[in-house]
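>>> Make a model of this:
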Amino acid sequence: MMRSLYISFLLLIPFHSSFAQKIDYNLQSGFVADGYDVVEYFNERPQEGKDQYHFDYKGAKYRFSSKITLDQFKAEPEKYVPQYGGWCAYAMADKGEKVKIDPDTYEIRDGKLYLFYNAFFNNTLKSWLNEGPEQLRIKADENWEKIKLQE
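All right, here's what the predicted structure looks like:
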């Protein structure tokens, strides 16, 4: 009896651990980047994705503006996934917080997509650029490692 309980417990550990390891993506709208096509940011044409072109990657939903960009994403998804789960890069650096974004406010830096909050006279991309993106990126990376698995 005791042995079967122990085996049952051990079988639950991998399931629980893998479930707990899910990164907390910004899916407030149901999709990463508020449903914008993450590939088009790299073409300097941010635009909303269409319902017929969608894809789930690592537990997060993405929308795309065309089959071409959907296929580009499928071929190299890690190239296009926004940093910090799609949360505001400046807030991640400044306070280590998950803050919603304005999908039209972004930066491509060193081949990576960074998204920012921009509302009510608070454009965090401007703060990011004024305060030094290289130093802020280091702080954001450190903060993200601490909270990326928290919901």
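
>>> Spell out the secondary structure type for the residue nearest the centre of the chain.
In the chain, the residue lying closest to the centroid (CA atoms, centre = their mean) is residue 85, at 2.0 Å. The assignment at residue 85 comes out as helix when based on DSSP: H, G, I helix; E, B strand; the rest coil.

>>> Adjust the sequence numbering to begin at 642 for everything that follows.
Yes, from this point I'll number from 642; that puts the last item at residue 726.

>>> Go ahead and confirm it touches residue 699.
No. Using CB atoms under 8 Å, residue 726 is not in contact with residue 699; the gap is 10.1 Å. Where C-beta positions appear, they are placed from N, C-alpha and C, glycine not excepted.

>>> which stretch of helix or strand covers the closest residue to the residue nearest to the centre of the chain other than its chain neighbours?
Once flanking residues are discounted, residue 726 sits nearest to residue 666: 4.4 Å by CB to CB, 6 or more residues apart in numbering. Residue 666 belongs to no helix or strand when assigned by DSSP states H and E.

>>> got the contact list for residue 666?
When contacts are counted by CB atoms under 8 Å, 6 or more residues apart in numbering, residue 666 touches 673, 700, 701, 726, 727.

>>> what about it, distance to residue 718?
Residue 666 sits 13 Å away from residue 718, going by CB to CB, to the nearest Å.
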